[in-house]
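Novice: what would the 3D arrangement of this be:
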Amino acid sequence: SATMSKESMFKSLWRIARAEGGVTSLFRGNVAATYLWIGYSSVQFTLYEQTSVILHERWSTTNKDDDSSNDTKNMKTIVAFIAGATAGVCATTVTYPFDLIRTIFAARGLQPNTNSLMPVTSNFRPPKTLGGFAHTLYQTKGLRGFYAGSAAAIIQIIPYMGLNFAIYDVLIRYFKEQENNKNKPATPNTYLISSSVLAGAISGGMSKFVVYPMDTVKKRLQAQAAQCSWRRYKGLGDCLVTMAKQEGIPSLYKGLYPSLAKTMSATALSFTFYTLTKNVLQKTHDS
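Specialist: Residues are numbered from 1 along each chain as shown. Here you go, the predicted model:
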């Protein structure tokens, strides 16, 4: 409704908690989300490292520029974008069913729609367990049902993860240069944590803002699998055009603020713990 669409993030949290079972209702889909991020991060950072190494080796064999040259700096950013996009596509493809289930469980408080992917019956009830929903969806739609909205997810993850890693790479190199120019540089651990947190938050927020319309489309298409969309969209293009025409361009940015807050904090923590863990493992291996 119009009233609900104008609610602030905190009013929405309060309304959901009061109307849908207390504070625990705010954690719907948390199990699927946990599986999603464990799998996603594992695949993403592993492939990112491997792809970066391959691309850097090919660059170094054909170019002899030193690390301080502009060409080398630009190439590092390009490598970070390509490696990030590649890793993001692979990780999204592998873990997408968990992303779908997370969205559906989060939408349990919404009303069903007769045009959704799931069968509507007079005794329909929203899914209560991950296994139960997966079983029902597989019986009705097969494996294809677990990838509803995946086209939008793949399209948005390429620029999202590409920009995420590229911006992070640029910022980390900039912070390192600034730190080296100081008379009294900070301790390695302090510098590492502060720079990773800041660079991760900025890169996560900027990349999320750029691709957010496609993220909105993805969630609308996912919601159809839970009988929770107010319209029936034929696909990615139809959803994008219909929303823009009937709800206006701003509708593509609904929920932007909580999404940015989540993305910035999650990306900052992910890059920080990844960098710290990588350094510890490298030191352990070298010793």
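
Novice: run a quick neighbour tally on the closest residue to residue 256 other than its chain neighbours.
Specialist: Spatial nearest neighbour of residue 256, excluding adjacent residues (Cβ to Cβ, 6 or more residues apart in numbering): residue 212 at 5.9 Å. Glycine gets a C-beta too; all of them are placed from N, C-alpha and C. By the criterion of other Cβ atoms under 10 Å, residue 212 has 20 neighbours.

Novice: list the residues that contact residue 212.
Specialist: Neighbouring residues of residue 212 by Cβ atoms under 8 Å, 6 or more residues apart in numbering: 252-253, 256, 259.

Novice: quick one: stretch 135-143 to chain centroid distance?
Specialist: With Cα atoms, centre = their mean, to the nearest Å as the basis, stretch 135-143 stands 25 Å off its chain's centre.

Novice: show me what counts as buried in it.
Specialist: 137, 141 (16 or more other Cβ atoms under 10 Å).

Novice: after the helix or strand harbouring the residue nearest to residue 256 comes which helix or strand?
Specialist: Taking DSSP states H and E as the definition, residue 212 sits inside helix 188-223. Moving toward the C-terminus from helix 188-223, the next helix or strand (DSSP H and E) is helix 236-247.

Novice: any stretches of the stretch 51-200 of the chain with poor pLDDT?
Specialist: When residues are selected by pLDDT under 70, those of the stretch 51-200 of the chain lie in 61-69, 107-128, 183-191.

Novice: so among the contacts of residue 212, which ones count as buried?
Specialist: By 16+ other Cβ under 10 Å, those give 252, 256, 259 as buried.

Novice: do you know the pLDDT at the last one?
Specialist: Read it as residue 259. With respect to pLDDT, residue 259 scores 91.

Novice: for the helix or strand hosting it, which positions count as buried?
Specialist: Applying DSSP H and E as the criterion places residue 259 in helix 256-286. With burial defined by 16+ other Cβ under 10 Å, the residues of helix 256-286 counted as buried are 256, 259-260, 263-264, 266-268, 270-272, 274-275.

Novice: residue 208: which of the residues you listed is nearest?
Specialist: Nearest to residue 208 among the buried residues of helix 256-286 is residue 263, at 4.4 Å by Cβ to Cβ.
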